[in-house]
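Engineer: Have a look; sequence and predicted model below, questions after that.
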Amino acid sequence: MAEVFSGKDAIVVQDLTKRYDNFTLNKISFHVPMGTIMGFVGENGAGKTTTIKAILGLIHTDGGKISVLGSDSRDVPKEKKAWIGVVLDGSNLHENLNLRDINFIMKRIYPSWEEATFFAYVKKFNLPDNKNIKEFSRGMKMKLSIAIALSHGAKLLILDEATSGLDPMVRDEILDIFLEFIQDEEHTILLSSHIISDIEKIADYVTFIHKGSIVFSENKDDLIYQHGVIHCRKEEARQIDPSYIVGIRENSYGAEVLIQNKDAFQRRYRQYQIERTSIEEIMLFVSRGKERM
Amino acid sequence: MYGLIWKDIINLKRYIKIFAVFFLVYGFMAFAQKDISFITGIFTLMFAILTMSTYSYDEMSQWDVYALTMPITRKDIVRGKYMLMLLLVLFGSIFSAVFAILINAVIGSENIFAGIGASFIGAAVVILFYSILLPFITKLGIEKARIILFVVCMVPFLIVLFIKKAVNTGVVRVPDQMLQFCETAHQYQYLLMLVVLVVCLSISYFISLQIYHKKEF
């Protein structure tokens, strides 16, 4: 865990706690290094949106600290808030406005609003400039939110399910835009999604939240490199040192075991062939393993 | 914060046509009857009601959540709404006054400024009414606050009606000191009105601010 309010992290969340009647965000900690893309994954209701709302200061927390661009999330100065581009899981724009109205309003809200950039994205995304937002599809509304987030000189993008509701072609196009954005080493993205393939494609780090707790928050390549899957008989699986096992999936033919510390495991158990795994598979094994516990 | 006020004004632009029709119809009626008494204050009220429409628009689109991620503070949002309300009331009363003067001039009324006082008293009443209502809207949202709106309108009306009836039938005798006080107050009515408005608005704004700071989205 990095030091709280470290200058090298765009976001630091430490021991964040938030209690609701039927859900608790339980002392979660992770940090998003500057210049990287953090994929924030977890099933629906795991606590992704609650965490993002806490980072954005939209809810009051019951414990812990959050730093955003070096400031306490409850009190981020306006100059810094202008550096944050946010896409929420919904349009949140008034239905009877059109693109020119939005440009007019945003120009008066963001001190560094870039009108030309905004209309360039509008053109790139094929957004109709003669229609009101109520006539936009969900995908169009999402693209509009992304265009706004990218048009005021943001250094940090916080995106809550920004790619859901988009068709695969557009999703790919937007992921490329995010990769372009991250070329500047001062730029950072926190991208929450339940579409793991998007995260696998662009994220440098992955934070996995499950039932209000962080399961892991690590470098994506390390995660994939350190984990692997072996196939064996059920009784063989029981003989493996439990410290290597992340999860076991049993069926009538045998067992699939997700292994961590792949190299050390291989040195000790030379008889098994270790298969490469994916973030999605790791998540499934981990969450099922947790449920068994 | 000015961006927020612009956002509300742009959202209200659809009312321009409806208002234009109203002005024409009322103007024609006033001209035909050579009497402007029934239109005084009505425009002030019409403009003032628009404040509530902006709350509806914001709620429908869940704008506040989004706005708070921008370089906008919670205080800006509350202040923006109070400013918008005052702007609309002011604009409404000026508009209504100009309209009254125009109609007076056209129908050749003896007093060209007739009806202007009423439109400004209407403005004061509207501001007072919003001072009570805005903290409720901030707390409950516009939909639930509509019930409060009804109460806020009805309670003073019923109280006045009750007192009037009680006094007229002789059940209650108004103390002389109170009558004296009312006469003195009447002399300074405009000053008194201003003081009451400033005090009520300040208290209301402070309460709304407290409520909004505690809000979760």
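Structural biologist: Received it, and whenever you're ready, just let me know what you need.
Engineer: do stretch B:65-75 and chain A meet?
Structural biologist: Yes: applying C-beta under 8 Å from any C-beta of the partner chain, one finds stretch B:65-75 touching chain A at B:65-66, B:68-73. Quick note: C-beta positions are derived from backbone N, CA and C, even for glycine.
Engineer: how about those in TSV, adding neighbour count, pLDDT and secondary structure?
Structural biologist: Below are the residues of stretch B:65-75 next to chain A laid out as TSV (neighbours: other C-beta atoms under 10 Å in any protein chain shown; pLDDT from 0 to 100; DSSP: H, G, I helix; E, B strand; the rest coil):
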residue	neighbour count	pLDDT	secondary structure
B:65	16	95	helix
B:66	22	95	helix
B:68	20	95	coil
B:69	23	95	coil
B:70	21	96	coil
B:71	21	96	coil
B:72	21	95	coil
B:73	20	94	coil
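Engineer: of those, closest to residue B:114?
Structural biologist: residue B:72 (44.0 Å; C-beta to C-beta).
Engineer: Residue A:132 is in contact with residue A:94, correct?
Structural biologist: No: using C-beta atoms under 8 Å, residue A:94 is not in contact with residue A:132, being 9.0 Å away.
Engineer: who has more neighbours, these two?
Structural biologist: Higher neighbour count among residue A:94 and residue A:132: residue A:94, with 22 against 14, using other C-beta atoms under 10 Å in any protein chain shown.
Engineer: ok, and the closest non-adjacent residue to that one?
Structural biologist: residue B:61 (4.8 Å; C-beta to C-beta, 6 or more residues apart in numbering or on different chains).
Engineer: And the one you found, what's its pLDDT?
Structural biologist: Note for residue B:61: predicted pLDDT of 92.
Engineer: give me the number of residues near it?
Structural biologist: By the measure other C-beta under 10 Å, the count of residues near residue B:61 is 21.
Engineer: Please name the residues that touch it.
Structural biologist: A:91-95 (C-beta atoms under 8 Å, 6 or more residues apart in numbering or on different chains).
Engineer: how close does it get to residue A:11?
Structural biologist: Look at residue B:61 and residue A:11: by C-beta to C-beta, to the nearest Å, they are 27 Å apart.
Engineer: Next, residue A:89: secondary structure please.
Structural biologist: Look at residue A:89: counting by DSSP: H, G, I helix; E, B strand; the rest coil, its state is coil.
Engineer: residues in contact with the nearest residue to it once chain neighbours are set aside?
Structural biologist: Closest residue to residue A:89 apart from its sequence neighbours, by C-beta to C-beta, 6+ apart: residue A:161 at 4.4 Å. Going by C-beta under 8 Å, 6+ apart, residue A:161 touches A:48, A:89, A:192-194.
Engineer: Identify, from those, the entry nearest to residue B:115.
Structural biologist: residue A:89 (52.0 Å).
Engineer: my guess is the closest one meets residue A:159, correct?
Structural biologist: No: using C-beta under 8 Å, residue A:89 is not in contact with residue A:159; the gap is 9.4 Å.
Engineer: Okay, buried residues for stretch A:25-32 please.
Structural biologist: By 16 or more other C-beta atoms under 10 Å in any protein chain shown, the buried positions in stretch A:25-32 come out as A:25-26, A:28-32.
Engineer: residues from chain B in reach of chain A?
Structural biologist: So chain B meets chain A at B:2-4, B:6-7, B:10-11, B:14, B:57-58, B:60-63, B:65-66, B:68-73, B:214, B:216-217 (C-beta under 8 Å from any C-beta).
Engineer: okay, now residue A:251: neighbour count?
Structural biologist: 8.
Engineer: pLDDT below threshold where in the stretch 1-150 of chain A?
Structural biologist: Low-confidence segments of the stretch 1-150 of chain A (pLDDT under 70): A:1-7.
Engineer: try 90
Structural biologist: Counting by pLDDT under 90, the stretch 1-150 of chain A shows low-confidence ranges at A:1-8, A:43-45, A:75, A:89-91, A:129-130, A:137-140.
Engineer: what about residue A:122, distance to residue A:150?
Structural biologist: 11 Å.
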